[in-house]
Structure formats: structure tokens, C-alpha cells
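> with the sequence up front, the predicted model follows.
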Amino acid sequence: MEIVTSVGSDDIGIIVTDGVNVAIVTDSAVDSWLRFRGLVAQWKAHCGAMSSVSESVLFPAYQNIIGMGETAVPFLLRQLADEGDDPDQWFWALKAITGADPVNEDDLGNNLLMARSWFEWGISMGYAW
């Protein structure tokens, strides 16, 4: 059995091979991140141009992100941060998972201000992303 201690340039896991079979062993945080990224890609591919928020959040990939529970919260905050000036509709998922609603009523509909409220909430709750 050969063990290689990195996968590509990201060092996200360990490759284990017996000369015939190959397995990539990752920790659960990496597995969760990879699952989240895959679900985001599915959701964006299907719902990217969809104008109805209520319809897009019912898409199975979005619901599966919600189903990831607390594990998804820092990933969702990172996703919002990465989207910069054009944050997507991750607020519904954050609220469904956490039960929190840090967005001021006056900010509803302004995705930048809504994202800022969630960032402040995340920091106050000790999340790192």
C-alpha cells in the first residue's frame, strides 16, 4: 500500500492506493465543504436566472444545503463574502438553519445590506469563514 499525503496543489486529503484501487481520504470538514460547493454549483446552474426567490429556494440542491444544518453556516457566510457586491439568496438558508433573523426590516430587498447584517451576526456568534 502506498500513501501519498496530498491531493493536487490544495493538500485536501490523502491518496491511498494498493496498486489497483485508489481512494482519497479527507476529513469531514473537507467532505462537507466539497459537498456544499457541489450543491451550490447545482443550484446556480438550475436557478441562476430564476427571478422567483421562493421557487429557487425549493430546488433540491438548496434544500440539501439547508439539510446540512449548522455545518453549512460558515460555508454560507463564505459564499456570501465571495459573491462581493452581488450576493445571492443565501439568507433564507441561513435563517432556516439558525433560526436567527439579523436583517433590519428597512434593509429587506437590499442584498448587500442583508449580507452585512449576516456577517455581523456571524462574527457575534463566533463563526469564522
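Cool, got the structure.

> doesn't residue 120 make contact with residue 102?
Yes: when contacts are counted by Cβ atoms under 8 Å, residue 102 is listed as touching residue 120 (6.7 Å). Where you see a C-beta, it was placed from the backbone N, CA and C, and this is true even at glycine.

> more neighbours: those two, which one.
For residue 102 against residue 120, the residue with the higher neighbour count under other Cβ atoms under 10 Å is residue 102, and the figures read 19 against 11.

> residue 84: how many residues sit nearby?
For residue 84, the number of neighbouring residues by other Cβ under 10 Å comes to 9.

> what score does it have for pLDDT?
In this prediction, residue 84 carries a pLDDT score of 91.

> helix or strand for it, which one?
Secondary structure here is read from DSSP states H and E; on that basis residue 84 sits in neither a helix nor a strand.

> got it, and residue 31?
With elements taken from DSSP H and E, the one containing residue 31 is helix 28-47.

> what sits up against the helix or strand following that helix?
From helix 28-47 onward toward the C-terminus, using DSSP H and E, the following helix or strand is helix 53-56. Under the contact criterion Cβ atoms under 8 Å, 6 or more residues apart in numbering, helix 53-56 has outside partners 43, 47, 50, 62, 89, 92.

> and helix 53-56, average pLDDT?
For helix 53-56, the mean per-residue pLDDT is 84.
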